[in-house]
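Peer 1: Prediction below, plus the sequence it came from.
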Amino acid sequence: MNLGNVKIFLARNGIFIALLALIILFTVLNPNFLSLNNGQNILTQASELGLVALALGFLVMSGTIDLSVGSVASASAVTAGLVMSSTGSTVLGIAAGLFVGLVAGCLNGFLVSYLGLNSFVVTLGALSVWGGLAMLVSGGKTVPRSELPDSFREIGTAAVGPVPVQIVILVVAIVAAWYLLNRTTFGKQILAVGGSQRASRLMGVNVPRTRFILFVMSGVVAAFAGIMLAAKVQSASPTIGVGMELDALTVVLLGGVAFEGGVGRISGIVAGLLFFRVLRTGLVFLQASPFLQTVLVGATLILAVALDSSIQRVIRSSWAKLGKRAVEKVEDVERSEGSPALPQRR
């Protein structure tokens, strides 16, 4: 294996190596870290963030971004809570919360996909809009546990056998996302659009429609994650999703999804999610200061961006070398066959 292949291997699989190293480090520092209960706790805590990261990952692969997912999660959760509090119906509450996510996704998708506005600017503005609406409709107050129906509270504590329902939902979402990206035409279109819009159009891909669908998916998934989180904590707060967008973006970039679009793997996003949650949980095990945790999470985001830049540079360099070698081989073959069209290389 030459140096170029080693660089490509590390660029594609560095997050898996880093995850293993982090688990070993925290286990050495605290032997109780590596236990079945703690593993289950990590996956349970990662469930809502994992759903949002998968949807955001698709958007980033397509060359766009959604920074409003945290606020949409908050607005959806508090809307669901208020509707359940006033009607006593879990179904109506969940439907209302999901509708908020659908509207948010449609608005973002229309502005970015069909009006051609910058996704970063649009969704940054939407982050404030939906966060403000969450505070406005709730009066800045949390819908308490006592006002939520028993059936909704039971969702947060439900399990399939010994496995919490949040983990089951996360696993199903991961499998569905992998299938969508790797086994469907739409998945190939996502990567194609992120790689080159012009080439995608020439291949017959409807770029605006593809991105619009992804924004709608992002909004609905963010809403579902916010409602799941409200069920788990047994209350609906207007700030329940604050910071989720940065955490999800960190997970996506750690997972090797190219910020410029066109490159990404579901397995990488899952590894990035586990790395992020293992880091958070390990710091709690070590009784690290909450302020230090915030600093390290921010540093992790910076590291993720730096890794993304390095990975893309290594991959582009490797592709360029492979392309040059392919051209040279073709020239050698044609020259050996006596083609007069190619001059001798010097």
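Peer 2: Now that the structure is in, tell me what you want to look at.

Peer 1: residue ranges with poor pLDDT in the protein?
Peer 2: For the chain, applying pLDDT under 70 flags the ranges 1-11, 305, 307-346.

Peer 1: Just say helix, strand or coil for residue 261.
Peer 2: Following DSSP: H, G, I helix; E, B strand; the rest coil, residue 261 is assigned to coil.

Peer 1: tell me the contacts of it?
Peer 2: 60, 61, 62, 63, 64, 193, 194, 195 (C-beta atoms under 8 Å, 6 or more residues apart in numbering). The way it works is simple: take the backbone N, C-alpha and C, and place the C-beta from them, glycine included.

Peer 1: same check, this time on residue 268
Peer 2: Counted by C-beta under 8 Å, 6+ apart, residue 268 has contacts 12, 15, 255, 256, 257.

Peer 1: Name the nearest of those relative to residue 273.
Peer 2: For the contacts of residue 268, the residue nearest residue 273 by C-beta to C-beta is residue 255; the value is 7.3 Å.

Peer 1: which residues in the stretch 51-200 of the chain form strands?
Peer 2: For the stretch 51-200 of the chain, applying DSSP state E, counting those that start in this stretch gives strands covering 159-160, 163-164.

Peer 1: what helices or strands is the last one leaning on?
Peer 2: With contacts defined as 3 or more C-beta pairs under 8 Å, 6 or more residues apart in numbering; DSSP states H and E, the secondary structure elements packing on strand 163-164 are helix 36-61.

Peer 1: ok, and for the helix it packs on, which residues are buried?
Peer 2: 38, 42-44, 46-61 (16 or more other C-beta atoms under 10 Å).

Peer 1: hmm, back to that, with distance to residue 297 as added columns, please give the contacts of residue 261 in CSV.
Peer 2: What follows is those, written out as CSV (distance: C-beta to C-beta, whole Å):
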residue, distance to residue 297
60, 19
61, 23
62, 26
63, 26
64, 24
193, 30
194, 26
195, 30
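
Peer 1: Among the contacts of residue 268, pick out the one closest to residue 206, please.
Peer 2: residue 257 (22.4 Å).

Peer 1: Wasn't the closest one part of a strand?
Peer 2: No - applying three-state DSSP, one finds residue 257 to be coil, outside a strand.

Peer 1: what about the residue nearest to it when sequence neighbours are not counted, neighbour count?
Peer 2: Sequence neighbours aside, residue 264 is the residue nearest to residue 257 in space, at 3.7 Å (criterion: C-beta to C-beta, 6 or more residues apart in numbering). The local packing of residue 264 (other C-beta atoms under 10 Å) involves 21 other residues.

Peer 1: And for the one 5 residues further on?
Peer 2: Each residue near residue 269 was counted by other C-beta under 10 Å, and the total is 31.

Peer 1: ok, it - contacts?
Peer 2: Contacts of residue 269 (C-beta under 8 Å, 6+ apart): 53, 54, 57, 177, 251, 252, 255, 257.

Peer 1: now the helices for this structure?
Peer 2: Taking DSSP state H to define them, one finds helices in the chain at 3-29, 36-61, 69-87, 90-109, 119-138, 150-157, 165-183, 185-195, 197-202, 207-233, 244-254, 266-285, 290-336.

Peer 1: Enumerate the positions of stretch 139-157 that are buried.
Peer 2: Applying 16+ other C-beta under 10 Å to stretch 139-157 flags 142, 143, 148, 149, 152, 153, 155, 156 as buried.
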